[in-house]
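**Q** My questions are about this predicted structure, shown below with the sequence.
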Amino acid sequence: MDRSATNDTWLNITFEGLCLFETNKKSATVHFIDGEHAGIGKHVVVLEALKKQVVSSTLERAPDHIIHVAADTQAWKADPQFEITGPFNNGTDSLEFAPSLPDGCLQELAQNDPGNRTWESLDWVANLDALCGATGIKDGAHFLGKMKLTRGRLQSRPPTGSAGTVEWKFSNPETGSTLQQQVLTNTALCSCPINGAKATIKLGSHELVLQRVDSLGPAISLFVRSLSATPQPLGAALTTPLNIHDFKAYFRVVNSAFTPHIRREPLPHGMADVMGRQGGDVEPALCMLARATYRGNP
(Lines give C-alpha, C1' and ligand atoms only; values in the text may rest on other atoms or scores of the structure.)
Protein backbone atom coordinates (compact mmCIF):
# COMPACT_ATOMS: atom_id res chain seq x y z
CA MET A 1 0.00 0.00 0.00
CA ASP A 2 1.98 2.97 -1.36
CA ARG A 3 0.81 6.26 0.11
CA SER A 4 3.16 8.27 -2.09
CA ALA A 5 1.16 7.22 -5.15
CA THR A 6 -2.03 9.03 -4.07
CA ASN A 7 -3.20 12.34 -2.66
CA ASP A 8 -5.84 10.66 -0.51
CA THR A 9 -6.25 11.49 3.15
CA TRP A 10 -5.11 8.80 5.57
CA LEU A 11 -6.38 8.07 9.05
CA ASN A 12 -3.50 6.84 11.23
CA ILE A 13 -4.68 5.10 14.40
CA THR A 14 -2.02 4.32 17.00
CA PHE A 15 -2.90 1.72 19.65
CA GLU A 16 -1.09 1.55 22.97
CA GLY A 17 -1.52 -0.28 26.27
CA LEU A 18 -3.76 -3.16 27.30
CA CYS A 19 -5.16 -4.12 23.87
CA LEU A 20 -5.81 -7.59 22.43
CA PHE A 21 -5.89 -7.90 18.64
CA GLU A 22 -8.07 -10.77 17.45
CA THR A 23 -7.00 -11.31 13.85
CA ASN A 24 -8.96 -12.90 11.02
CA LYS A 25 -7.90 -13.30 7.38
CA LYS A 26 -8.98 -9.82 6.27
CA SER A 27 -9.95 -8.06 9.50
CA ALA A 28 -9.02 -7.59 13.13
CA THR A 29 -11.01 -6.74 16.25
CA VAL A 30 -9.23 -4.75 18.94
CA HIS A 31 -10.52 -5.77 22.37
CA PHE A 32 -9.87 -3.37 25.25
CA ILE A 33 -9.47 -5.48 28.37
CA ASP A 34 -11.26 -4.70 31.63
CA GLY A 35 -8.13 -4.58 33.81
CA GLU A 36 -10.12 -4.71 37.04
CA HIS A 37 -11.97 -7.84 35.91
CA ALA A 38 -8.66 -9.36 34.81
CA GLY A 39 -6.99 -8.70 38.16
CA ILE A 40 -4.52 -5.92 37.31
CA GLY A 41 -6.53 -2.85 38.31
CA LYS A 42 -9.11 -0.61 36.68
CA HIS A 43 -8.34 0.69 33.20
CA VAL A 44 -9.85 3.44 31.05
CA VAL A 45 -9.74 3.74 27.27
CA VAL A 46 -8.64 7.20 26.12
CA LEU A 47 -8.81 8.73 22.64
CA GLU A 48 -6.36 11.52 21.85
CA ALA A 49 -6.07 13.76 18.79
CA LEU A 50 -4.19 16.85 17.63
CA LYS A 51 -6.07 20.05 18.49
CA LYS A 52 -5.54 21.47 15.00
CA GLN A 53 -7.31 18.44 13.50
CA VAL A 54 -10.35 18.46 15.82
CA VAL A 55 -13.55 19.80 14.23
CA SER A 56 -15.99 18.81 17.00
CA SER A 57 -16.54 16.26 19.77
CA THR A 58 -19.40 15.19 22.03
CA LEU A 59 -17.18 12.80 24.01
CA GLU A 60 -16.43 13.28 27.70
CA ARG A 61 -13.05 14.81 28.42
CA ALA A 62 -10.46 12.44 29.91
CA PRO A 63 -9.61 13.26 33.56
CA ASP A 64 -6.18 14.82 34.12
CA HIS A 65 -5.22 12.16 36.64
CA ILE A 66 -5.44 9.47 33.94
CA ILE A 67 -3.52 11.16 31.14
CA HIS A 68 -1.49 14.36 31.01
CA VAL A 69 -2.14 15.62 27.50
CA ALA A 70 0.35 17.78 25.64
CA ALA A 71 -0.50 21.40 24.85
CA ASP A 72 -1.26 20.56 21.21
CA THR A 73 -3.61 17.61 21.85
CA GLN A 74 -7.04 16.87 23.32
CA ALA A 75 -8.14 13.65 25.03
CA TRP A 76 -11.49 11.99 25.74
CA LYS A 77 -12.53 8.82 27.55
CA ALA A 78 -14.74 6.00 26.30
CA ASP A 79 -17.52 4.73 28.55
CA PRO A 80 -17.57 0.96 29.32
CA GLN A 81 -19.22 -1.41 26.83
CA PHE A 82 -18.42 0.87 23.91
CA GLU A 83 -17.77 0.10 20.26
CA ILE A 84 -15.66 2.49 18.21
CA THR A 85 -16.69 2.75 14.56
CA GLY A 86 -15.53 4.89 11.65
CA PRO A 87 -13.98 4.78 8.18
CA PHE A 88 -11.63 1.99 9.28
CA ASN A 89 -14.49 -0.55 9.25
CA ASN A 90 -16.62 0.50 6.29
CA GLY A 91 -17.22 -1.78 3.31
CA THR A 92 -15.84 -5.21 2.45
CA ASP A 93 -13.17 -6.74 4.70
CA SER A 94 -9.83 -5.93 3.11
CA LEU A 95 -7.41 -5.25 5.97
CA GLU A 96 -3.77 -5.93 5.13
CA PHE A 97 -1.26 -7.19 7.68
CA ALA A 98 2.44 -6.41 7.73
CA PRO A 99 4.35 -9.56 6.68
CA SER A 100 5.89 -12.02 9.12
CA LEU A 101 9.65 -12.22 9.57
CA PRO A 102 11.88 -15.26 8.94
CA ASP A 103 11.99 -17.74 11.82
CA GLY A 104 14.68 -17.22 14.42
CA CYS A 105 15.66 -13.69 13.47
CA LEU A 106 13.70 -11.56 15.95
CA GLN A 107 16.48 -11.14 18.49
CA GLU A 108 19.00 -10.23 15.79
CA LEU A 109 16.64 -7.77 14.14
CA ALA A 110 15.91 -6.08 17.46
CA GLN A 111 19.37 -4.55 17.18
CA ASN A 112 18.32 -2.63 14.08
CA ASP A 113 17.56 1.05 14.20
CA PRO A 114 13.92 1.71 15.20
CA GLY A 115 13.36 3.23 11.77
CA ASN A 116 13.96 -0.13 10.09
CA ARG A 117 10.81 -1.51 8.39
CA THR A 118 11.25 -4.92 10.03
CA TRP A 119 9.55 -3.32 13.07
CA GLU A 120 6.30 -3.26 11.09
CA SER A 121 5.81 -7.02 11.44
CA LEU A 122 3.14 -8.17 13.90
CA ASP A 123 5.66 -10.77 15.08
CA TRP A 124 6.68 -8.14 17.64
CA VAL A 125 3.22 -8.39 19.26
CA ALA A 126 2.88 -11.18 21.87
CA ASN A 127 1.21 -14.18 20.19
CA LEU A 128 -1.17 -15.84 22.67
CA ASP A 129 -1.69 -18.81 20.36
CA ALA A 130 1.93 -19.78 20.98
CA LEU A 131 2.40 -18.43 24.52
CA CYS A 132 -0.56 -20.07 26.25
CA GLY A 133 -2.21 -22.28 23.63
CA ALA A 134 -5.09 -19.83 23.17
CA THR A 135 -8.08 -21.30 21.34
CA GLY A 136 -10.22 -18.16 21.23
CA ILE A 137 -11.31 -15.30 23.43
CA LYS A 138 -13.85 -15.49 26.23
CA ASP A 139 -17.14 -13.59 26.26
CA GLY A 140 -17.46 -9.81 26.19
CA ALA A 141 -17.76 -9.52 29.99
CA HIS A 142 -13.95 -9.42 30.11
CA PHE A 143 -13.71 -6.30 27.94
CA LEU A 144 -14.46 -2.59 28.22
CA GLY A 145 -15.16 -2.28 24.52
CA LYS A 146 -13.97 -3.10 21.03
CA MET A 147 -13.02 -1.65 17.68
CA LYS A 148 -13.16 -3.59 14.42
CA LEU A 149 -10.63 -2.91 11.67
CA THR A 150 -11.56 -4.00 8.14
CA ARG A 151 -9.68 -1.52 5.94
CA GLY A 152 -6.14 -0.27 5.56
CA ARG A 153 -2.98 -1.86 6.93
CA LEU A 154 -2.16 -3.07 10.44
CA GLN A 155 1.45 -3.13 11.62
CA SER A 156 3.62 -2.97 14.70
CA ARG A 157 5.63 0.05 15.78
CA PRO A 158 8.91 0.03 17.75
CA PRO A 159 8.35 -0.29 21.52
CA THR A 160 8.47 2.87 23.61
CA GLY A 161 10.02 3.58 27.00
CA SER A 162 11.33 0.70 29.10
CA ALA A 163 9.62 -1.79 26.76
CA GLY A 164 12.53 -1.20 24.42
CA THR A 165 15.16 -2.21 26.97
CA VAL A 166 14.02 -5.72 27.90
CA GLU A 167 13.21 -9.02 26.28
CA TRP A 168 10.65 -11.52 27.49
CA LYS A 169 11.18 -15.25 27.90
CA PHE A 170 8.12 -17.53 28.02
CA SER A 171 8.52 -21.19 29.00
CA ASN A 172 6.20 -24.20 28.99
CA PRO A 173 5.26 -24.82 32.66
CA GLU A 174 5.47 -28.63 32.25
CA THR A 175 8.52 -29.16 30.07
CA GLY A 176 10.48 -25.98 30.75
CA SER A 177 11.08 -25.55 27.04
CA THR A 178 11.26 -22.00 25.69
CA LEU A 179 8.13 -20.91 23.86
CA GLN A 180 9.35 -17.47 22.92
CA GLN A 181 12.23 -15.15 23.83
CA GLN A 182 12.30 -11.73 22.22
CA VAL A 183 11.60 -8.02 22.45
CA LEU A 184 7.87 -7.24 22.39
CA THR A 185 6.13 -4.03 21.45
CA ASN A 186 3.53 -1.90 23.19
CA THR A 187 2.53 0.07 20.08
CA ALA A 188 0.70 -0.75 16.84
CA LEU A 189 -0.56 1.31 13.92
CA CYS A 190 -3.52 0.97 11.56
CA SER A 191 -3.44 3.25 8.50
CA CYS A 192 -6.46 3.47 6.23
CA PRO A 193 -7.43 5.78 3.34
CA ILE A 194 -10.60 7.86 3.75
CA ASN A 195 -12.85 9.73 1.35
CA GLY A 196 -12.58 13.50 1.65
CA ALA A 197 -10.67 15.50 4.25
CA LYS A 198 -12.71 14.55 7.36
CA ALA A 199 -13.05 11.42 9.49
CA THR A 200 -15.96 10.81 11.88
CA ILE A 201 -15.27 8.46 14.78
CA LYS A 202 -18.38 7.21 16.61
CA LEU A 203 -18.86 5.75 20.08
CA GLY A 204 -22.56 4.96 20.43
CA SER A 205 -24.45 8.27 20.26
CA HIS A 206 -21.25 10.30 20.65
CA GLU A 207 -18.86 11.26 17.89
CA LEU A 208 -15.49 12.83 17.24
CA VAL A 209 -14.92 14.63 13.93
CA LEU A 210 -11.33 15.12 12.74
CA GLN A 211 -10.03 16.79 9.61
CA ARG A 212 -6.91 16.87 7.52
CA VAL A 213 -4.70 19.94 8.00
CA ASP A 214 -2.37 20.39 5.04
CA SER A 215 0.44 21.85 7.15
CA LEU A 216 0.51 18.58 9.11
CA GLY A 217 0.67 16.36 6.02
CA PRO A 218 -1.84 13.95 4.42
CA ALA A 219 -2.66 12.03 7.60
CA ILE A 220 -5.22 12.50 10.37
CA SER A 221 -3.83 11.17 13.66
CA LEU A 222 -5.81 9.37 16.36
CA PHE A 223 -4.35 7.67 19.45
CA VAL A 224 -6.32 4.99 21.29
CA ARG A 225 -4.81 4.03 24.63
CA SER A 226 -5.87 1.62 27.35
CA LEU A 227 -4.53 3.24 30.53
CA SER A 228 -4.58 2.55 34.24
CA ALA A 229 -7.24 4.57 36.08
CA THR A 230 -4.89 4.88 39.07
CA PRO A 231 -3.85 8.51 39.57
CA GLN A 232 -0.48 9.22 37.95
CA PRO A 233 1.75 12.11 39.10
CA LEU A 234 2.81 14.54 36.39
CA GLY A 235 5.91 13.33 34.58
CA ALA A 236 5.41 9.71 35.71
CA ALA A 237 4.49 6.64 33.68
CA LEU A 238 1.25 6.84 31.72
CA THR A 239 0.04 3.38 32.69
CA THR A 240 0.69 0.51 35.04
CA PRO A 241 4.39 -0.30 35.51
CA LEU A 242 5.96 -2.59 32.95
CA ASN A 243 5.85 -5.97 34.67
CA ILE A 244 5.11 -9.64 34.24
CA HIS A 245 1.69 -9.39 35.89
CA ASP A 246 0.30 -7.41 32.96
CA PHE A 247 0.42 -10.56 30.83
CA LYS A 248 -1.91 -12.34 33.26
CA ALA A 249 -4.73 -10.14 32.04
CA TYR A 250 -4.31 -11.56 28.54
CA PHE A 251 -4.16 -15.16 29.74
CA ARG A 252 -7.39 -14.67 31.70
CA VAL A 253 -9.45 -13.37 28.77
CA VAL A 254 -8.64 -16.18 26.32
CA ASN A 255 -9.30 -19.90 26.53
CA SER A 256 -5.79 -20.99 27.53
CA ALA A 257 -4.30 -24.47 27.49
CA PHE A 258 -1.73 -23.43 30.12
CA THR A 259 -0.16 -20.37 31.78
CA PRO A 260 3.50 -20.01 30.82
CA HIS A 261 6.36 -19.12 33.13
CA ILE A 262 7.63 -15.62 32.30
CA ARG A 263 10.97 -13.93 32.83
CA ARG A 264 11.92 -10.38 31.96
CA GLU A 265 15.59 -9.91 31.09
CA PRO A 266 17.57 -6.76 30.21
CA LEU A 267 18.80 -6.52 26.68
CA PRO A 268 22.52 -6.56 25.92
CA HIS A 269 23.89 -3.05 26.35
CA GLY A 270 24.04 -2.15 22.67
CA MET A 271 20.47 -3.24 21.96
CA ALA A 272 19.15 -1.33 24.97
CA ASP A 273 20.92 1.80 23.76
CA VAL A 274 19.19 1.59 20.38
CA MET A 275 15.72 0.89 21.74
CA GLY A 276 15.87 3.10 24.81
CA ARG A 277 15.94 6.20 22.65
CA GLN A 278 12.31 5.65 21.72
CA GLY A 279 10.96 6.61 25.12
CA GLY A 280 12.17 10.20 25.40
CA ASP A 281 12.52 11.88 28.76
CA VAL A 282 9.22 10.57 30.15
CA GLU A 283 8.93 6.79 30.23
CA PRO A 284 5.45 5.64 29.11
CA ALA A 285 5.75 2.12 30.61
CA LEU A 286 2.77 1.02 28.53
CA CYS A 287 1.50 -2.55 28.83
CA MET A 288 2.58 -4.88 26.03
CA LEU A 289 0.11 -5.54 23.21
CA ALA A 290 -1.09 -9.08 22.44
CA ARG A 291 -2.78 -10.91 19.58
CA ALA A 292 -4.75 -14.11 19.04
CA THR A 293 -6.28 -15.80 16.00
CA TYR A 294 -10.05 -15.53 15.47
CA ARG A 295 -11.74 -18.91 15.98
CA GLY A 296 -15.31 -17.79 16.62
CA ASN A 297 -16.66 -16.49 19.91
CA PRO A 298 -18.80 -18.43 22.41
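**A** The structure has been received and is ready for your questions.
**Q** show me where this protein has helices.
**A** 106-109, 128-132, 245-253, 269-276 (DSSP state H).
**Q** Which one of these has the poorest average confidence?
**A** Between the helices of the chain, the lowest average pLDDT goes to helix 269-276, which shows a mean of 48.
**Q** Pairing partners for Glu60 in the sheet, please.
**A** Glu60 has these beta-bridge partners by DSSP bridges: Lys77.
**Q** Contacts only, for it.
**A** Neighbouring residues of Glu60 by C-beta atoms under 8 Å, 6 or more residues apart in numbering: 76-77, 79, 206. Every residue, glycine included, has its C-beta placed from N, CA and C.
**Q** Among the residues you listed, find the lowest-pLDDT one for me.
**A** When these are compared on pLDDT, Asp79 comes out lowest, with 86.
**Q** hmm, back to that, what would the contacts of Glu60 look like in JSON lines with distance to Leu267?
**A** As requested, those are arranged in JSON lines below (distance: C-beta to C-beta, whole Å):
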{"residue": "Trp76", "distance to Leu267": "36"}
{"residue": "Lys77", "distance to Leu267": "34"}
{"residue": "Asp79", "distance to Leu267": "39"}
{"residue": "His206", "distance to Leu267": "42"}
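**Q** So for Gly41, what's the nearest residue that isn't a sequence neighbour?
**A** Gly35 (5.2 Å; C-beta to C-beta, 6 or more residues apart in numbering).
**Q** Next: Trp10.
**A** Ala219 (4.5 Å).
**Q** Give me the distance between that neighbour and Ser191.
**A** As judged by C-beta to C-beta, to the nearest Å, Ala219 and Ser191 stand 8 Å apart.
**Q** out of the two, which sits in the more crowded spot?
**A** Ser191 (19 against 15; other C-beta atoms under 10 Å).
**Q** Does Ser94 touch Arg153 like I think?
**A** No: counting by C-beta atoms under 8 Å, Ser94 does not reach Arg153; the two are 10.0 Å apart.
**Q** Name the residue in the two with the higher neighbour count.
**A** Neighbour totals were compared for Ser94 and Arg153, and Arg153 leads with 19 against 12 (other C-beta under 10 Å).
**Q** can you pull the contacts of the more buried one?
**A** Contacts of Arg153 (C-beta under 8 Å, 6+ apart): 1, 95-98, 190-192.
**Q** Quick check: beta-bridge partners of it?
**A** Listed by DSSP bridges, the beta-bridge partners for Arg153 are Glu96, Ser191.
**Q** per-residue pLDDT, it?
**A** In the prediction, the pLDDT value recorded for Arg153 is 96.
**Q** swap in Arg61?
**A** 88.
**Q** same thing with Arg264?
**A** With respect to pLDDT, Arg264 scores 85.
**Q** quick one: contacts for it?
**A** Contacts of Arg264 (C-beta under 8 Å, 6+ apart): 166-169, 243-244.
**Q** can you pick the most crowded of those residues?
**A** In terms of neighbours by other C-beta under 10 Å, these top out with Glu167 at 21 neighbours.
**Q** Would you confirm that that one contacts Glu265?
**A** Yes: here Glu167 lies in contact with Glu265, judged by C-beta under 8 Å, at a distance of 5.6 Å.
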